[in-house]
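Asks: Please work out how this folds:
(chains A, B, C and D)
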There are 4 protein chains.
Amino acid sequence: MSDFDTVDAVVPILGEPKLLTPLESRKLDGSRLFVSDEDRVVIEVDAGRLVETVSAGKTVSAFEMAGPRRKIYFDPSKLRCALVTCGGLCPGLNGIIRSVVLELYYGYEVRNIYGIRYGLQGFISEYGHDILELTPDMVGDIIGNGGSFLGSSRGPQDVEAIVDCLERMNVGILFMVGGDGTLMAATKISDVITRRRLKISVVGIPKTIDNDIHMVSRSFGFDTAVGLATQSIRAAHNEARGYPNGIGLIKLMGRHSGFIAATAALAQQDVNFVLVPEVDFDLDGSEGLLAALERRLFDRSHAVIVVAEGAGQKFFDASDRKDPSGNTKLQDIGMFLKERIVRYFDELKISVSLKYIDPSYIIRSLPANANDHVFCSFLGRNAVHAAMAGKTRLLIGHWNNHFVHIPMSASAGRRKQIDPNGRLWQSVLEATGQGSLKNP
Amino acid sequence: MSDFDTVDAVVPILGEPKLLTPLESRKLDGSRLFVSDEDRVVIEVDAGRLVETVSAGKTVSAFEMAGPRRKIYFDPSKLRCALVTCGGLCPGLNGIIRSVVLELYYGYEVRNIYGIRYGLQGFISEYGHDILELTPDMVGDIIGNGGSFLGSSRGPQDVEAIVDCLERMNVGILFMVGGDGTLMAATKISDVITRRRLKISVVGIPKTIDNDIHMVSRSFGFDTAVGLATQSIRAAHNEARGYPNGIGLIKLMGRHSGFIAATAALAQQDVNFVLVPEVDFDLDGSEGLLAALERRLFDRSHAVIVVAEGAGQKFFDASDRKDPSGNTKLQDIGMFLKERIVRYFDELKISVSLKYIDPSYIIRSLPANANDHVFCSFLGRNAVHAAMAGKTRLLIGHWNNHFVHIPMSASAGRRKQIDPNGRLWQSVLEATGQGSLKNP
Amino acid sequence: MSDFDTVDAVVPILGEPKLLTPLESRKLDGSRLFVSDEDRVVIEVDAGRLVETVSAGKTVSAFEMAGPRRKIYFDPSKLRCALVTCGGLCPGLNGIIRSVVLELYYGYEVRNIYGIRYGLQGFISEYGHDILELTPDMVGDIIGNGGSFLGSSRGPQDVEAIVDCLERMNVGILFMVGGDGTLMAATKISDVITRRRLKISVVGIPKTIDNDIHMVSRSFGFDTAVGLATQSIRAAHNEARGYPNGIGLIKLMGRHSGFIAATAALAQQDVNFVLVPEVDFDLDGSEGLLAALERRLFDRSHAVIVVAEGAGQKFFDASDRKDPSGNTKLQDIGMFLKERIVRYFDELKISVSLKYIDPSYIIRSLPANANDHVFCSFLGRNAVHAAMAGKTRLLIGHWNNHFVHIPMSASAGRRKQIDPNGRLWQSVLEATGQGSLKNP
Amino acid sequence: MSDFDTVDAVVPILGEPKLLTPLESRKLDGSRLFVSDEDRVVIEVDAGRLVETVSAGKTVSAFEMAGPRRKIYFDPSKLRCALVTCGGLCPGLNGIIRSVVLELYYGYEVRNIYGIRYGLQGFISEYGHDILELTPDMVGDIIGNGGSFLGSSRGPQDVEAIVDCLERMNVGILFMVGGDGTLMAATKISDVITRRRLKISVVGIPKTIDNDIHMVSRSFGFDTAVGLATQSIRAAHNEARGYPNGIGLIKLMGRHSGFIAATAALAQQDVNFVLVPEVDFDLDGSEGLLAALERRLFDRSHAVIVVAEGAGQKFFDASDRKDPSGNTKLQDIGMFLKERIVRYFDELKISVSLKYIDPSYIIRSLPANANDHVFCSFLGRNAVHAAMAGKTRLLIGHWNNHFVHIPMSASAGRRKQIDPNGRLWQSVLEATGQGSLKNP
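Replies: Sure, this is the predicted structure:
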C-alpha cells in the first residue's frame, strides 16, 4: 500500500460555494449535520507508515469526506441536472437513480432532473432516444426491479456532441454511473467542458460488478452478485456429489479480477479450485490443474471448480478483437476447461461426470439485496451533495468505512486486482487447499 | 383424452396380503384410515364420456387409489428393502428418500433399508460403490439439500447382474426413482424377477423434471424447476429492457416436451416468444420467428424469447449420437438461435443487444420448494404402502388430485407432451401474442 | 365425498350468447380452442360410486369446464366491466387483476374496465374513493408486488347502493375477488340485480388464504403462504434446537381450517405437534398436549409446535365480538399456549426455553410464487371467459385438475375443512407422531 | 470520535511465541503471508486529528492487525481447544464454528477440539450436557443451517467452576462467541485464569445481532438480519397500501440501539417513521408521533412505522425485572404503540386499518447470507491465528476494513449506538421525512 503516499486527493471545484443550502434554512439544529472540506479520511491506515510520513514532514494523503456542505455552488431554482447509466447492468442501478432524484428533489428542491436513456447514446440525437423528466413518483418503486430504469448502452460516443447536448439542455450537473470506459469518458467530457469554459459539474459513480476499480474499496452490486453466484456453486456442488467422479465447473464474471469468484468461493465453502486472472496456473504437469483434479477425485470422488472469465487467457492466442466498448474480447475459458478436463480423463479412461454452469447475466440483472440497497442510497445522495457544492471531476467512493470524494485523476486508468499475497487470496488457498497449481 | 378407455389399470401383485399391518395394532380407531383396492379413481373425468361408457356396459378405466392397506404381504421383521435414485438430478430426490425411510421405519417397523449408491451402478460390484444402511437419523435433515443423498448415475446396467445383487442381499422390495430409462429398466428387472420366480416387489417413482411421463399428471421437482426458471426470465427481461433493441434469450430444460418453458413463461409474464419441441416453427419467411422478432423490436424495442432445449431440432442434421443413457443427444438450439438472430439483424444493419442465458443445472440441482417437499413426502409414503401390500410393477402417480397406482405397462414407452390445441399452449399464445410463427 | 351427488352444478345465464367471440375471427384455426357447455368434469372420481350412480339412472354431478366459448353474450365494444378485490390480502391478487384486464383487453377487445378501489367501499360514494380506468400498461408490471393494486377493505356495504353504482356506471360484468363474506355479498348483489331485471353478470373468484372454501380444491395464494410459513418453522426449529429444552411455538393463519398449518408442517418436517381447529385436543391429562410435550422434551430435549389461530377455541369463553366483516373474533390461542406451557414447566421446575413466532401478515402480503402466478393467470382468464358468455352467479374453481364453473349456490355458506380421517391429517399424524392428544 | 485517543490497544499475551507455525514449514514461499505485531491499523482516520496527534508527540492509537503469525505459542500436537456459543442465536454462528474447527485442524494440525454444548451451561457438570469432539467432517455442512450447531444458553454460570472445567479438560485455548454478557464473563474467566497462573488463552468473537458492541464496526449476522427485516417491511407496506388509511407497524430487534431498524428502513425505502432507543420522541402534541401520523394519512392515506424494541421506554414505569442473563426486560413498545394509535384515531372517529408485524426470531434464526458467511469465515480463522500466537483477553474485530485484535478492556462495558447527529440517522430522517417528532 506504499504507493498511497503519492495519491493526489485534491478535488477540483467549479467555483466558490456561496449559497446557503436549503437544508440549512429548513432545519433548526443542523449545525452538526454538515461536512466540511477539512474533514478528510486518511488513505493509508498503517500506523507505522502514517507516523513516519508525518514525522518526516510529508503530507498525509487523505480523501475529502463526502456529505452535505453548508454552502452550495448551484442555485437550485435554476439548476438542471442530467443522469446517465452506462455499460453493463449491475444490481443497484435503480437504487442510485432513485436516491439521486430524491436527494435533488427533496434535499435541494431541484425541479429539473433529466434522465438520459440508453447510456451515452441518449446524448446523441441521431439515436432518437427520448429524454425523461424524472420525478420522485416515477422512481419511487423502481428499487424492486433489476436492470436500469434509464436503460444503458456500451461503447463511446462523440465527446463534443455530448457536451453540445449538455449545453443545449443547459445542464449544470451531469451524474454518470458507469465503469472504466465511462469514467474515462467523464474525464474527456470534463476536459471539453473546461475548454469551453462551461460551469458543468461531472460526478461519477463507479460501477463495476467485478469490484475492480482502483481506489474504490467496494463497488455497488458486488455483494448481490456474490450472493447470486453462490447459488450456482451450490447447484454445481450437488451435481458433483451426485455422480461418481462428479465435477462441477462454474464460470463467473471477472474479466480482469477474480473478486466475485474468490469471494463466492469463500461464501459457499464447497469449492476445491478457484481460478482467477491475477494468479497464473498450469493445466498440465504434476502440479497443474488436471493432475491436481485427478488427485482430488481419487481422494474424495467429487470436485468443484470456479473459474473467473478472465482467468487462463495465456492458453489462447492473442486476439485483437474488441467489443463496442473497446474492451478486449476474452476467449471462453469455461468451455476450454470443460473440453480439456473431459479429454484428460477420457485419455486416462477414468469415467467422470462434468457439469458446466455459467450463470452469466443472472448475477448482474436481478434486484440488489438489502445491503446494496443501503449502499446505493448513500452513493446517490453523496453524489448530489458533492455536485451541489460545485465539486467536479470526482467519483464517490468508499474508503475506510467512510464515503469519500475521489478525484477522477486518482483512479482513472488503473485497476484493482486480487493481491496473490494478500489476505483474500490466502484465505481462498486455505479454504480450497488447492495449492499453487504451478509446476516448479 | 379418448384413449383413456384403453388403459389397463390392473396392478400386479406378488401374492395375497395376509398379515395385519403394524398400523392396525397400534391405532385404536384406524378403521377409516385404510384404503381398499376397491377405492379407484376414474381416469377420464369428462362426464359425457363416462356416462356413455357405463351405459354401453363397458368398463370404466380407473386407477387404484394409493395409501396404506389393512393387510400387508411382507413380514416387516424379516424384510429387506433397497432404494435407488437414477438419472439426472431433480429437486425432491432427498424428500423421497427421507419419506421412504421414515415410513418403512416408523410406519412398518422395517429395520433393514439399503441405500444403493450412484444409481444402477450401485448394484454392480465392479464399480465398488458401498451400500448405505439407512436410518431415520441419517435422512432426518437431508431435505434442506439439493441433489441426491444416495448419488445417481446415467445409463443402463446388466439386468441379470442387478437381480443377482438383489438376491444376494435378500431384498424384498426395490424402490426405483428415475425417469423413462429407469422405468424401462424396472420393467426388465421385474421380468427377470418373475422368470426366476422371486418374490421381489419393484415400485417406481417417476422422476422427470420435464414433467413428461405419460399418465403422470404432475412429477416432483417440476414446480421447483419452474420457480427457478423464472429467475432467468426476470434477468433476461431486465437485460432486454436495459438496452436499445435488447433481446433476452433463455434456454430451458425440456428435451421432448416444453412444459417448463411454457409454464415458466406463464409464471413470469414478460415473455414474447416460447419455443417448444411440440410446436413447429419457422425461422425465415414473413411469419417466421426472425421477422416476428423484428416486428416486436420495432413496436416495443425489446423482446424476450424462451426456448426449450428440444425445440427446433429440424434445423439440424439427423444425428445418431446417444448419451450413456441411450438418449439422443440434442443439437444446441440456444446457441443456434443466438447466432441466427445476431446474423439476421447484422444483415439488416439493425443494431441489437442479445443476451443469452442458460441456467442449465441450476434449475434441477437446488433444494425442492415447500410444495414439492409435501408432494415428495406423499410419493415416498405411498410407494411404501403399495410395496408392503405386495404390489409390484407399478408407479406411484397423481391423478385427479389423488395419489394412485399406475401399472408400469400403462405408462412405459410413452411420453406426455404439450397439446398444441390444449389449454396450456393456448394460454401461452395469449400471454405472448406470438402467433403461429409458421409461414402459410 | 358421498354428498357430491346432491351438488347442483347448473350455472345461471343472463341470456343466450349469440355473438361470435373476437377470438374466432382473429384465429385461422381456432376450432379446437373453444370449450362447450357440454364439456363437464365429474365431481366425484370414485369409480365405484360413479358406476352405481349411472347404473341407477341418476344424474352424475359434474361442473361445466371453464374456458372460452365460441359465442358470447356481451358486445365487447359497448361493454363496461368492473373489478373489485375484498377482504384480507392474499398472494396473487395482482395476478388476477392483471389477467382479467389483459384478457378483457386483448382477448375480447373490451376497452372500459373499471378498477373499484378499496373493496366494496369503492362502490359507495360517501367514502370518496376514485375509480381507476384500467389498461394493460397500468397492470403490466404489478405481479412483482404483493398486496392488491386496487386496495381492499373488510366488511359489508349496502347492497342496494352497490347495485345503484353498477347501474350508474352502466356495468355489464362485475368481477368480485373475495372470501366467504364477499361471495355471500355477491349472491345478494345478484339477487338485487335479478329483482331489478338488470343484465349484469357477477363472477366470483374465491379468495381464501386458508384454502377453506367449499367445492374449491385449491385457492390461490395458499401455496405461497405455505412456502412462507415454512420459514417460520425453520426459524422456530433452530431456536428449539439451540437451547436445552427448547420449544418453538408458531402460530399460523387458519380461523376455521388448519390447511396452512398442516401443509407447512408436512413441507418442513421438523414439527412435533400440529394443532388445528378441526381436531380437538386436551391440554391437561396424561394424553394432553402438556404431558406429551414433556415426554417429547424428555426424549429429544427440543420440540416444535405449530398452532392454527382457530385451534383450541374451547379453552376460551364464548365471545360475541365480531370484526367489521362479521367474523367472530378469535381468542389468541398462541399467547394462551405460550403462557400455559411456561407455567406448566415452571410448576414442574423444569427449565425450558420457549420461543414464540407469529409471522402474521408476512405470509399473506408478499408476492405470489411462480406456481400461484400461473394459477392466478388461469383464474382471471377463465373468469372473463365465463362472464363474456353471459354466465353469472358463479365462481371459478379448480376441480380434478380442470378449471370449472361452480354455481355460487353450491359453495356458499359451507366451508372446507381438514378431514380428521383423511389422508392429509393422517400424514400429519405420521410425520409428527403426536398421537391423539385426547384423554380417554 | 475524539475519545479514540484514549484507547488502549495493547493485547495481552500468555508468553513469547517461539514455535514455527506449521504453515511455515508447509509453504515454500510463505514470507509475505504472515502478519507482524508491528502491523497496526489506526483507529482514528480523520487526517487532521491524526497529524495533530503525531505532531504533538502523542501515541497514535492503533489496533494490531489480525492474521497468522510466523511464530506461535502453543504446540499444536499437545493443544486442546474449546469452543462455546452463548446467548441469543445469530446468523453466522455455524460459520464461525466451522471456520474455527477447519483452521485449527488444517491450518495448525490441532486434533483436540471440544465443542461445549448449550453455552456456559456446558462447562457445569450438573447440567449433564455432553462435550462434542469436533472434526472437519462434523462441521463441513453446517453453514446451510441457522441456529448454533453447539446450542446455546442465556445467563451467567459460576466462573470458578468454568475454569475448573477448563483445567480438568486441559484446555489451552477457549473461544467464546457471545454478546455483552459473554464478553464480560470472558474477562472474569481470564481473571481467574491469571490468578491461578494458568496458560489459557481466551479469545472472544463478539456477537450482537443489534450491531451494538463498542469498537466493533460491524458484527456478524447483522447484514442477514437486516435483509430478513426488509421482508417484514415489504409486507407491512403492502398491508398499509392495501386499505384506506392503512398503517403498517413493524417491531424489530434492537434493545439499546436501533441499527437494524434504521438500516432496514434505508434498505426498503417504504418507511415513514423510524423509532429507535437513541432518539427520543413524543407521542402527543402537535409534533408528536400521533399528530405526525395523522398528517401523513391525510396526505398519502397510508403509513409505515418501524420501531426498535428498545425505543420509547420512557412511556413505561421503571421496571426492575431482569431476564436470566441479567438484562433488563423491556416493556413491549410494539403493542403499546398499536393500542395508542388505534385509540387516537378511534377518538378522532377516523377509520384506520392497522396491521402489526413482529418477525421476532425469524430474523435471527435463519442461515447467514453470503456476505455474513464470508465475514464469519474470516472471524473464525483470525480468532485461531490470534490464540495460536499466545494472545489472550482479546476480541476479533473489524476496523477500517481490516480484521484486528481488540483488547477486551477496550470494548467491555460500553455500547455502540446510533449517533443522532451522524450520517446514518440523518439519512433516515431524509429517507422518511419524519421530522423531529419532538414538541418544542
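Asks: Partner strands of the host helix or strand of residue A:354, with direction?
Replies: Assigned by DSSP states H and E, residue A:354 belongs to strand A:353-357. Here strand A:353-357 is paired, per DSSP bridges, with strand A:246-252 (parallel).
Asks: next structured bit after the partner strand?
Replies: That would be, after strand A:246-252 and using DSSP H and E, helix A:259-267.
Asks: residues making contact with that following helix?
Replies: With C-beta atoms under 8 Å, 6 or more residues apart in numbering or on different chains as the test, helix A:259-267 has contacts from A:209-212, A:222, A:225-227, A:229-230, A:233, A:252-254, A:271, A:274-276, A:306-308, A:311, A:363, A:418, A:424-425, A:427-428, A:431-432, D:370-371, D:373-374, D:377. The way it works is simple: take the backbone N, C-alpha and C, and place the C-beta from them, glycine included.
Asks: shaky segments in the stretch 51-200 of chain A?
Replies: Within the stretch 51-200 of chain A, no range satisfies pLDDT under 70.
Asks: on contacts alone, who are the packing partners of the strand or helix carrying residue A:184?
Replies: If you go by DSSP H and E, residue A:184 is part of helix A:180-195. The elements that helix A:180-195 packs onto, with contact taken as 3 or more C-beta pairs under 8 Å, 6 or more residues apart in numbering or on different chains; DSSP states H and E, are helix A:159-169, strand A:173-178, strand A:201-206, helix A:408-411.
Asks: got the buried residues for the longest one?
Replies: If I follow you right, that is helix A:159-169. Residues of helix A:159-169 classed as buried: A:159, A:162, A:163, A:164, A:165, A:166, A:169 (neighbour count, 16 or more other C-beta atoms under 10 Å in any protein chain shown).
Asks: again, but for stretch A:424-436
Replies: Buried, per 16+ other C-beta under 10 Å, within stretch A:424-436: A:424, A:425, A:426, A:427, A:428, A:429, A:430, A:431, A:432, A:434, A:436.
Asks: Just the element for the spatially closest residue to the third one that is not a sequence neighbour, please.
Replies: In space, not counting the residues next to it along the chain, residue A:426 is nearest to residue D:33; the distance is 5.7 Å by C-beta to C-beta, 6 or more residues apart in numbering or on different chains. Following DSSP H and E, one finds residue D:33 outside all helices and strands.
Asks: Tell me how many other residues surround residue D:33.
Replies: Residues within reach of residue D:33, counting by other C-beta atoms under 10 Å in any protein chain shown, total 19.
Asks: Quick one: name the residues of the stretch 1-150 of chain A near chain B.
Replies: Counting by C-beta under 8 Å from any C-beta of the partner chain, the stretch 1-150 of chain A comes close to chain B at A:89, A:118, A:121, A:127, A:129, A:145, A:146, A:147, A:148.
Asks: Most neighbours among the residues you listed, which one is it?
Replies: residue A:148 (31 neighbours).
Asks: residues in contact with it?
Replies: A:85, A:89, A:93, A:94, A:97, B:242.
Asks: What separation is there between the first one and residue A:91?
Replies: From residue A:85 across to residue A:91, the span is 12 Å (C-beta to C-beta, to the nearest Å).
Asks: next one: the fifth one
Replies: From residue A:97 across to residue A:91, the span is 13 Å (C-beta to C-beta).
Asks: State which one residue of the stretch 301-440 of chain A is found closest to chain C.
Replies: residue A:367 (9.3 Å; C-beta to the nearest C-beta).
Asks: related to what we said a few turns ago, so residue A:85 and residue A:91 - more neighbours on which side?
Replies: The neighbour count for residue A:85 versus residue A:91, taken as other C-beta under 10 Å, is higher for residue A:85 (31 against 28).
Asks: Contact residues of the stretch 201-350 of chain A facing chain D?
Replies: By C-beta under 8 Å from any C-beta, the residues of the stretch 201-350 of chain A that approach chain D are A:217, A:223, A:226, A:227, A:229, A:230, A:263, A:264, A:266, A:267, A:268, A:269.
Asks: If you check the stretch 51-200 of chain A against chain B, which residue is the closest one?
Replies: Counting by C-beta to the nearest C-beta, the stretch 51-200 of chain A gets nearest to chain B through residue A:147 (3.2 Å).
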